[in-house]
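>>> any chance you could fold what I've pasted below:
(chains A, B and C)
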Amino acid sequence: MKRAGFTTTWLPILLLLPQLSIIAIFFYWPAAHALHSSFYLQDPFGFGSTFVGLDNYSDLLGNTEYRRIAWFTVIFTVLVTFLSLSLALLLAVKADKVIRGARSYRTLLMWVYAVAPPVAGFIGLIMFNQSWGPLTRLIESFGHEFLLGVNYNDTAFAMVLVSVWKQVPVNFIFFLSGLQSIPKSVREAALIDNPSASGRFWDVIFPLLAPTGFFLLIINITYALFDTFGVVDTLVKGEPGNNPMTLVYKVYVDGFRGNDLGGSSAQSVVLMVLVLALTVFQFRLVERRIHYT
Amino acid sequence: MSDTTPAALAPAATAGTRKRRRIRASDIFDHAVLIAGSALMLIPLLMVFQMATVPDVEVIKTGPTFTIGDQLDDNFNKAMFQASGFSGENTGSRMLLNSFILGIGFAVGKIVIGMMAAYAIVYFRLRFATLAFWVIFTTLLLPLEVRILPSYEVVQKLGMLNTYQGLIIPLIASATATFFFRQYFRSIPEELVEAARIDGAGPVKFFIDILVPLSRTMIAAMFIIMFVYGWNQYLWPTMITTEEDMFTLVRGIKQITQVMEGNRIPEYGRANLLAIIAIIPPVFVVIFFQSWFVKGLMESDK
Amino acid sequence: MAQVSLNNIRKVYPNGVEAVTPSSFHIQDGEFVVLVGPSGCGKSTLLRMIAGLEDITDGTLKIGEREVNDTDPAHRDIAMVFQNYALYPHMTVRKNIAYGLKNRKTPADEIARKVAEASALLNLDEYLDRKPSQLSGGQRQRVAMGRAIVRDPALFLFDEPLSNLDAKLRNQMRIEIKALQRRLGVTSIYVTHDQVEAMTMADRIIVMNAGKIEQIGTPEEVYHRPASTFVASFMGAPPMNLLSAQARDGSVHYGDTVVTGCNGTEGQVTLGIRPEDILPDDNGPLAIHVDIIEELGAHRLLHGSIGDDRLTMHVGKDTPVSTGPVSVSVKPGAASLFHHQTGQRL
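Modelled structure (predicted):
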């Protein structure tokens, strides 16, 4: 609030009304509903529901398939986050160094940001086409027959690759802008103090980028958990079968296709808790960020 | 540099020769890394484009090649004006229109609602401002994906399936724009509102005459981010729109892949071209409004 | 044009901090009053209450004959110049100046005439179609002035308007603002923490400290007859020398030396002497040990010690000086006496 705010009361209420009503109807109601139905067992034909307490949750945790999907999601998230962050950092450091063509490189490396995840998945389908896909052929030349949608590991590999391809640009933009905001005087001081370029990077530049990196870590985890839905859905061609999938995709499959509303809601609640934990973690990091500024 | 004066040219020239002499291995390596990165980003798209220019039969035989064919017009016509589904209404042009409606509607809705709420929170002495703040900002915690099913049920109950409002409004129910504008408004010097009050501007006038014009750059930056975000929505449109005339390009991508899986000769040219059409508007916006886009991204993702 | 009167105006913030203790004063029509004090002394809060940007907790405020406690800032018939000028960055100079008139539904031709007048007065003619970002600090300052004067307000309020300018420009603008105010004859209240600005511009100075008015008086009164040790040390650079002395038998003794006379005071007092009232005098009763000489061209400042106290004296450029012991006397009648505990003038 500003020191000298306006004192009218009806106007701010009017201004807040659209936002508040939209989030009441489309945020709080559904969120409460998810929490509520996670304690109920829905009749598959729509004839009411029974209170089952924590059964949905214990079913979930006892379910080997769910545990397998959760485990896949963890590995998938770690791989996507680590690979896209390190590739983006490498590219950003180089793009920050070169003088000639810096703008063109920046454009060429960031446009993929605007490609929708399912479209990225579609491009993945083309690249991994069974009979003529260029990547299928490339892998074939190493003696492995790549079977997208059939071989579990092959499909997982394609998912990671496409997700990383889609995510590198965002990280690149943030790292580059982080690098460019490091004061010139600090770089010059480092230049005088440390003769080795890699020494300067790890001792001075990298620590100064750490706040950006922590922040991106959260962004990337969120991306791998939620935004890759489109990638997964396209790559499995809408047929989950025995293919790898992420937790969010499982919520969709169970709730929307399998009509297991209670189980799906319990999964939603598990994800909510996960996101809340991440957010708390993020807030603690934000406090650390302030130290540098 | 041909019209520079000799005096200005001299130091530039020496700097130039010095640089030329000092091309080092590390410079070459830097460029090699960047070129490789750029190529990895670009080549898949070029392949998709190449396949859209040749007959489908050829694609089935050879996959992507280096020859640009003459089928682009044909494929473009098929993609834009021929429908694949049962109802015959999901032509490329229809989906393109829907994508624009979703992208622009979402961006405009989000900005208008967000600016209004942020203005109320920052510039008014409101007893429940803090409460409103928390009610709104809690929404930042839970993405739509985790409450997707109950949200679907709500929209269903309200009879908003297969409508533009059902598509757009629930997506607006998160506070990113509000948060962004709140941060920005707080950075505007307080004296400005004080000067305006002395100049006789009431709250409405101040908003329209001063705050909105002052936020132009911010609005542009936000618009770009939100447009791309809205355009690229997939899960929500997949659930909400079941009628083919409501499909967006990104939503329709599944249909496109199923076209490829059909019994007849897969229509690769058409599918590839539709994918490219789905990419072009957001990529265009990001590239041509790059500085606004980067600014928006930096500010909004905090 | 109007008189302004404050009657027991008080400000308490919601967190319980009393920023301004009940304060009263009256400003004559056309008078230029400067509120001066260190940062956080409540002077800006007082000004903002007069402007209507801050609620008044207690007391009554009158501008002209009208009580305006609950009047909107826009309806108080005032104009204000802000520290950072608060120009609207997206409007041209012309629009910035005209905005207040436009909101008052002034006819367009009258707006044009008034803007032209103001811009001629302030030498802004060639900048009218520029944006504030294309102007220098001094020019922005003038635009802020222009915005204030086109409105023909009853009262000008200035909130440290010169503090963002460099020293040279500040001296120049000081004179310009003063001359403008003389010409227009508009009652003005000017807030600053710079005692030089206060001394040079004011008809009357109000010195504030810790939310309280310490003294109200002409620059001369405030300088020569400070009401408290706070005013004595705040106004004047270098500040007044304050020494601890004894009053007995109708005179003030510093050590064994009689410095000046006094009436009816006995015991310990604080003795205040301006640096220029200490005169080099070979037969003077006091001996100062000078250790630093500050050369300022037109004059010099000698810093030294006397007993356990530090002392500064001001001498003309023609007076020969050297470090070491110097005998001095105090100009008759120039010393001020303060209560040694409360610091109030005796």
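
>>> need the helices for the stretch 51-200 of chain B, in chain order.
With helices called from DSSP state H, counting those that start in this stretch, the stretch 51-200 of chain B shows them at B:56-62, B:72-81, B:92-123, B:129-137, B:148-157, B:164-172, B:176-187, B:190-198.

>>> whoops, I mixed them up, the stretch 51-200 of chain A
A:55-62, A:64-97, A:102-110, A:117-127, A:134-140, A:152-180, A:184-193, A:197-200.

>>> got a markdown table for those helices, with mean pLDDT, distance to chain B and mean neighbour count too?
Just so you know, the C-beta spots here come from the backbone N, C-alpha and C atoms, and that holds for glycine as well. Shown next, in a markdown table, are the helices of the stretch 51-200 of chain A (pLDDT from 0 to 100; distance: least, CB to the nearest CB, whole Å; neighbours: other CB atoms under 10 Å in any protein chain shown):
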| stretch | mean pLDDT | distance to chain B | mean neighbour count |
| --- | --- | --- | --- |
| helix A:55-62 | 83 | 13 | 16 |
| helix A:64-97 | 94 | 5 | 18 |
| helix A:102-110 | 92 | 4 | 18 |
| helix A:117-127 | 93 | 5 | 26 |
| helix A:134-140 | 91 | 6 | 15 |
| helix A:152-180 | 94 | 6 | 22 |
| helix A:184-193 | 84 | 15 | 11 |
| helix A:197-200 | 85 | 8 | 12 |
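
>>> mind putting the ones you listed in CSV, distance to C:Ser228 included?
Below are the helices of the stretch 51-200 of chain A laid out as CSV (distance: least, CB to CB, whole Å):
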stretch, distance to C:Ser228
helix A:55-62, 73
helix A:64-97, 60
helix A:102-110, 64
helix A:117-127, 73
helix A:134-140, 85
helix A:152-180, 54
helix A:184-193, 47
helix A:197-200, 59
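
>>> nearest to C:Met91, of those helices?
helix A:152-180 (30.8 Å; CB to CB).

>>> can you give me the angle the closest one makes with helix A:102-110?
150 degrees (axes from the mean of the first three to the mean of the last three CA atoms, to 10 degrees).

>>> helix A:152-180 - contacts with which helices or strands?
helix A:64-97, helix A:102-110, helix A:117-127, helix A:206-222, helix A:229-235, helix B:25-51, helix B:290-300 (3 or more CB pairs under 8 Å, 6 or more residues apart in numbering or on different chains; DSSP states H and E).

>>> quick one: low-confidence residue ranges for the stretch 151-300 of chain B.
Counting by pLDDT under 70, the stretch 151-300 of chain B contains low-confidence residues at B:259-264, B:300.

>>> and the residue of chain C closest to chain A?
Here chain C gets closest to chain A at one residue, C:Leu53, 4.5 Å apart by CB to the nearest CB.

>>> who in chain B is up against chain C?
Residues of chain B lying close to chain C by CB under 8 Å from any CB of the partner chain are B:189, B:191-192, B:194-201, B:205, B:209-210, B:213-214, B:216.

>>> recalculate using a threshold of 7 Å.
Counting by CB under 7 Å from any CB of the partner chain, chain B comes close to chain C at B:189, B:191-192, B:194-195, B:197-201, B:205, B:210, B:213-214.

>>> so who does B:Pro203 touch?
Each residue near B:Pro203 by CB atoms under 7 Å, 6 or more residues apart in numbering or on different chains is listed here: A:6, A:8, A:11.

>>> of those residues, which belong to helices?
Applying DSSP state H to the contacts of B:Pro203, the entries found in helices are A:Leu11.

>>> turn the contacts of B:Pro203 into TSV, including pLDDT, neighbour count and distance to A:Leu217.
Output for the contacts of B:Pro203, formatted as TSV (pLDDT from 0 to 100; neighbours: other CB atoms under 10 Å in any protein chain shown; distance: CB to CB, whole Å):
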residue	pLDDT	neighbour count	distance to A:Leu217
A:Phe6	84	21	41
A:Thr8	83	15	43
A:Leu11	91	19	41
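
>>> which one of the contacts of B:Pro203 is nearest chain C?
Once CB to the nearest CB is applied, the member of those that ends up nearest chain C is A:Phe6, at 10.2 Å.
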